[in-house]
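Asker: What follows is a predicted structure for the sequence shown.
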Amino acid sequence: MADDTLWDMKPHTAMKHAILRRYLQGFYPKLSRWHDRIMVVDGFAGPGVYKGGEDGSPIVALDALEEHSDFANMGDCSFTFLFVEERKDRVDVLQGILDERGVVANVEPRVCHGTFESHVLGALAELRRQPGMPAFFMLDPFGVKGLPLRVLREIAEFPKAELLVSYMYQSTNRFRATPELQPHLDDFFGMREWRQAEQYKGDERKDFLRDLYERRLGSIGMEYVRMFEMRDELNQPEYFLAFATHSPHGLRVMEDSMWKADQSRGAEFSDFAAPSPLQGVLFPPEPDYANLETLLVGHFRGRRNVPIHEVNDFVLKRTDFRETHGRTALKKAAEESRVTVDRPLDKAPNYWGEGTTVTFLPPE
């Protein structure tokens with residue numbers, strides 16, 4: 001085994017896997033009720049294990065299914081896993097782990113030796129034969145090579161396809177002026193606009209590139225895109241998890257997963273600030289409801305009788321907050337007479353369903 005076949009797991013990787021696991025635990029049972037086949041593709045699978053024995057993303061994805069409390073009720077659905085890995089030494093380790101796990105009747109894991117670009121054609125062919133099949137693509141490259149936007153555009157053509165992409169910002173920032181890397185960045189963004197990042201510095205450059213990639217994922221036809229920042233042990237931005245989906249339900253489930261990772265903003269995790277497992281938390285952080293109220297008032301200022309579903313849509317699609325956070329922010333604002341909430345006469349004071357409207361009072 002080569003010295004770099006396995007490597008150490010960092011805290012942000014463990015958190016990424018926690019986000020992935022929580023999402024898939026909602027993804028599998030929901031979609032297996034309505035579909036007889038689901039595909040999961042890990043395009044940069046690695047060896048399936050870290051130096052310390054921790055599970056890699058292929059095993060996380062399999063365990064989220066096979067250890068699910070409702071797995072026994074998913075027998076009518078078959079699950080195909082495509083684990084793509086370019087390095088043969090890592091392929092061998094992963095295949096060995098899968099062989100030891102044994103066979104599960106409705107679960108088919110396949111290890112594919114080669115690049116994601118070479119094997120995605122087969123996955124796309126299967127989706128064309130079953131265009132309504134749900135497919136979840138985990139794409140976690142070491143840099144930006146081998147992940148062109150044109151391939152993601154093909155995936156996005158399928159209505160039940162979803163993407164979880166690691167956009168390696170640190171690599172982009174460090175090597176952006178390297179002539180050998182620039183064509184790969186052109187492919188990654190699907191355009192040359194990323195080069196305008198040179199006019200910015202620090203966080204402004206980071207925000208420019210993050211927002212650009214978010215827009216590019218939207219441009220391929222993904223209606224909902226959510227970004228989550230991962231920082232290293234020096235608290236420097238390392239990469240962004242970019243989730244893209246056609247489904248508002250999928251977005252809700254991913255937002256729930258991300259908010260469990262960051263209970264104050266739902267937007268980032270840092271190895272630098274990661275607490276020790278032995279350290280207790282006396283006062284769990286809570287969302288910045290004042291900021292959310294500012295966003296809501298800024299968008300709906302002066303509007304009367306706004307249907308609650310319109311408020312929920314804004315919170316879900318235009319902010320990093322969850323819809324439940326929106327209701328909490330509105331409750332606080334109503335208590336202090338900054339908004340009024342009207343509910344159907346036969347509903348309880350804590351009802352926030354259909355028929356509820358909100359009036360955003362103008363400032364005095």
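Answerer: Arrived safely, thanks for sending.
Asker: How many residues are close by the closest residue to R101 other than its chain neighbours?
Answerer: Spatially, and ignoring its direct neighbours in sequence, R101 is nearest to L62 (7.4 Å; CB to CB, 6 or more residues apart in numbering). C-beta coordinates here come from the backbone N, C-alpha and C atoms, glycine included. Counted with other CB atoms under 10 Å, the neighbours of L62 add up to 24.
Asker: Same check on T245?
Answerer: T245: 23 neighbours (other CB under 10 Å).
Asker: and it, what does it touch?
Answerer: By CB atoms under 8 Å, 6 or more residues apart in numbering, the contact list for T245 reads 162-163, 222-224, 251, 254.
Asker: Just flag the most distant two among the residues you listed.
Answerer: E223 and M254 (13.3 Å; CB to CB).
Asker: downstream neighbour of the one helix or strand K332 maps to in the secondary structure list?
Answerer: With secondary structure defined by DSSP states H and E, K332 is part of helix 323-335. Downstream of helix 323-335, the next assigned helix or strand under DSSP H and E is strand 339-342.
Asker: What helices and strands are in contact with that next one?
Answerer: Counting contacts by 3 or more CB pairs under 8 Å, 6 or more residues apart in numbering; DSSP states H and E, strand 339-342 packs against helix 323-335, strand 357-360.
Asker: Relative to the whole chain's centre, how far out is the last one?
Answerer: Going back to what we said before, that points to strand 357-360. When distances are taken as CA atoms, centre = their mean, to the nearest Å, strand 357-360 is centred 32 Å away from the chain's centroid.
Asker: Give me the contacts around that strand.
Answerer: The contact list for strand 357-360 (CB under 8 Å, 6+ apart) reads 296-297, 300-308, 311, 330, 338-342.
Asker: Mind doing that once more with 6 Å?
Answerer: By CB atoms under 6 Å, 6 or more residues apart in numbering, the list of residues contacting strand 357-360 from outside reads 297, 300-301, 303-307, 311, 339-342.
Asker: And that strand, what's buried?
Answerer: 357-358, 360 (16 or more other CB atoms under 10 Å).
Asker: What lies in contact with the lowest-mean-pLDDT helix or strand in the chain?
Answerer: Across the helices and strands of the chain, mean pLDDT, DSSP states H and E gives its lowest value to helix 169-175, namely a mean of 90. Outside helix 169-175, the residues that touch it by CB under 6 Å, 6+ apart are 143, 181, 237-240.
Asker: 10 Å instead?
Answerer: 141-145, 168, 181-182, 184-185, 188-189, 194, 197, 202, 205-206, 209-210, 213, 229-232, 236-240 (CB atoms under 10 Å, 6 or more residues apart in numbering).
Asker: List buried residues within these.
Answerer: 141, 143-145, 168, 181, 184-185, 188-189, 194, 197, 205-206, 209-210, 213, 229-232, 237-240.
Asker: where does the spatially most central residue of the chain land in three-state SS?
Answerer: Taking CA atoms, centre = their mean as the criterion, F243 is the residue nearest the geometric centre of the chain, at 3.4 Å. Using DSSP: H, G, I helix; E, B strand; the rest coil, the structure places F243 in strand.
Asker: That one and D256 touch, don't they?
Answerer: No - contact criterion CB atoms under 10 Å: F243 and D256 do not qualify, at 11.8 Å.
Asker: Now do the shared contacts for these two.
Answerer: 19, 23.
Asker: one step back: which residues touch the residue nearest to the centre of the chain?
Answerer: Contacts of F243 by CB under 10 Å, 6+ apart are 19, 23, 162-165, 217, 222, 224-228, 250-251, 253-255, 257-258.
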